[in-house]
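Enquirer: here is my input; please provide its structure:
(one chain, ligands or ions: 2)
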Amino acid sequence: METDKLTLQTILQRGDAAYERRHALPEQMRRAVWAIRACRTALLGGHVQTCPEGHLERVWYNSCRHRMCPPCAWGQGERWLAKQKARLLACEHDHVIFTMPHELNDLWLSNVAVMMPLLFASVHDTLVTLLGDPKYLGAKPGIIATLHTWPQTLLLPPHVHCLVTGGGLSAAGQWVAVRHGFLLPMRVVMALFRGTLLAAIRQGLHQGQLTLPPGKSRPQVENLLNKLGRQRWHVHIRERDPCGPGGLSYLARYLRGGPLSNRRLLACDGQQVVFGYAERANANEGPTRHQTMRRPLEQCLGRWLLHVPPRHAGLGRCWGLYAHTQGEALAQCRQQMGQGPEEALAPRDRPHEGEAWEEAPWARCPVCGQRLVCRALIPRAGAPPPAATGWEQVACARARA
Ligand SMILES: [Zn+2]
Ligand SMILES: [Zn+2]
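Expert: Ligands and ions are numbered 1, 2, ... in the order given. The predicted model follows:
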């Protein structure tokens, strides 16, 4: 098997045409595949970078910036992380995980765009209702939540990871910490989440917003919902992270880039794909063991495609004190905790023709260290201008001569 520089792009280029011939793909999946296949190729156009002293000239093709594309998504995930880190309150945070029962996977897949907001809303209502109850905290907490639809092996149980402040702002405008460092009783959280999500799904079915999964009748789905109402669901509070940023990095890790990072791809021979994954002895805690899995290319692609979210569907949410409309309340909490005001992140921009490429630290001439400048723009699907050398090829011949 070939292992040299294996990327998701290579795998899509090899397997996607055959896959598409056999399966009709929804629009968001076709878009994701097209974008990743075209990423950093002449199809998307680009520009020619040169050193002002003439030491180097190279072609830089545009990236697709699709959130399922591993190299593009890395920067987006980092930026989201930096933005949220700057807003975190200097208190302890709990990491709570709400998992939808796998029996609902079929219903999820037939209705991703409807089920996703239902799941988020159920998690939100559960946490905000219980923490707002004077029996527990009686205050407004700050919550950052992200949806993960994949574990390491590409199978699908959607779950929401939440970072919850260990306290909140009371109606009187005072910060109150949770009692004895204990967020909420798990049993109560599980029961309310289960009831809220099931009620939302029943209402969705009743109002005709949800489509029945193929081969399932309405009574079958209703029976399943009744059965799930009597089962124990997986809601889990992780051991407390004394400072939020650790948990936040975990939330961000799955937010962008899709379920298969290039780093995890080990081999592909056109028929089979081998990828690595980490397994925990216990579902959510304990040390991880690194394993490998071999799957037919077509199955691997099919599973990967299941995780392409609907267009414009946000996979992250900020609620309560962290909601973007609550700047004043958040500033009040920061003040009470002795934190300064939030620091704004520098705006990110793309260079125009003739301007220096400010953003990327690697965009400097390896000979004189000056910033590279953009000499010419390459139109989409355009060929590079004749003077340019190939993609990422650093020509220092003149400097060496
Ligand atoms: Zn890309
Ligand atoms: Zn130079």
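Enquirer: can we go C-alpha only for contacts and neighbour counts from here?
Expert: Will do.
Enquirer: what mean pLDDT does stretch 237-244 get?
Expert: Across stretch 237-244, the average pLDDT comes to 66.
Enquirer: all strands of this structure, in order?
Expert: Remark: strands assigned in the chain by DSSP state E are 46-50, 57-61, 93-99, 142-148, 159-165, 167-169, 175-177, 235-237, 265-268, 272-280, 288-296, 316-320, 373-378.
Enquirer: distance of the residue lying closest to Thr149 once chain neighbours are set aside from ligand 2?
Expert: Closest residue to Thr149 apart from its sequence neighbours, by Cα to Cα, 6 or more residues apart in numbering: Pro158 at 4.2 Å. Using Cα to the ion, to the nearest Å, Pro158 is found at 50 Å from ligand 2.
Enquirer: contacting residues for Pro158?
Expert: 99-100, 105, 147-150 (Cα atoms under 8 Å, 6 or more residues apart in numbering).
Enquirer: what residues does Pro309 make contact with?
Expert: So Pro309 contacts 28, 112 (Cα under 8 Å, 6+ apart).
Enquirer: what's the answer for the one 4 residues further on, then?
Expert: For Ala313, the contacting residues are Ala113, by Cα under 8 Å, 6+ apart.
Enquirer: picking that back up, identify the farthest-apart pair in the contacts of Pro158.
Expert: In the contacts of Pro158, two members sit farther apart than any others by Cα to Cα. They are Asn105 and Leu147, at 14.5 Å.
Enquirer: who has more neighbours, these two?
Expert: Counted by other Cα atoms under 10 Å, Asn105 and Leu147 do not tie: Leu147 has more neighbours, with 24 against 17.
Enquirer: per-residue confidence for the residue lying closest to that one once chain neighbours are set aside?
Expert: Once flanking residues are discounted, Leu147 sits nearest to Val160: 4.5 Å by Cα to Cα, 6+ apart. With respect to pLDDT, Val160 scores 93.
Enquirer: Val160 contacts Met116, correct?
Expert: No. Between Val160 and Met116 there is no contact under Cα atoms under 8 Å: 10.0 Å.
Enquirer: who has more neighbours, these two?
Expert: Val160 (21 against 18).
Enquirer: out of everything not next to it in sequence, what's closest to the closest residue to ligand 1 within the stretch 301-401 of the chain?
Expert: Ranked by Cα to the ion, the top residue of the stretch 301-401 of the chain for proximity to ligand 1 is Val308, at 14.1 Å. Once flanking residues are discounted, Val308 sits nearest to Met29: 6.1 Å by Cα to Cα, 6+ apart.
Enquirer: measure how buried the one you found is and give me the count.
Expert: 20.
Enquirer: again, but for the one 5 residues further on
Expert: Around Trp34 there are 17 other residues, counting by other Cα under 10 Å.
Enquirer: repeat for Thr325
Expert: 12.
Enquirer: residues contacting the residue nearest to Leu147?
Expert: By Cα under 8 Å, 6+ apart, Val160 lies in contact with 97-99, 120, 123, 145-148.
Enquirer: 10 Å instead, please
Expert: By Cα atoms under 10 Å, 6 or more residues apart in numbering, the contact list for Val160 reads 96-100, 119-120, 123, 145-149, 235, 251, 315-316.
Enquirer: pass me the low-pLDDT residue ranges in this structure, would you?
Expert: Counting by pLDDT under 70, the ranges of the chain that qualify are 1-4, 16, 151-154, 239-245, 256-257, 280-287, 345-362, 382-401.
Enquirer: in this structure, what residue is nearest ligand 1?
Expert: Proximity to ligand 1, evaluated over the chain using Cα to the ion, is greatest for Cys64 at 3.9 Å.
Enquirer: where's that residue relative to Val48, distance?
Expert: To Val48, Cys64 is 18 Å away according to Cα to Cα, to the nearest Å.
Enquirer: surely Tyr19 meets Ile11?
Expert: No. Using Cα atoms under 10 Å, Tyr19 is not in contact with Ile11; the gap is 11.6 Å.
Enquirer: now the common contact residues for these two.
Expert: 297, 301.
Enquirer: quick one on the thing from earlier: now render the contacts of Pro158 as a markdown table, adding distance to ligand 2.
Expert: Below are the contacts of Pro158 laid out as a markdown table (distance: Cα to the ion, whole Å):
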| residue | distance to ligand 2 |
| --- | --- |
| Thr99 | 53 |
| Met100 | 55 |
| Asn105 | 55 |
| Leu147 | 45 |
| His148 | 44 |
| Thr149 | 46 |
| Trp150 | 45 |
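Enquirer: residues in contact with the spatially most central residue of the chain?
Expert: For the chain, Leu255 is the residue whose C-alpha lies nearest the centre (Cα atoms, centre = their mean; 1.0 Å). Contacts for Leu255 were tallied using Cα under 10 Å, 6+ apart; they are 67-68, 73-74, 76-77, 80-81, 146-149, 249, 314-316.
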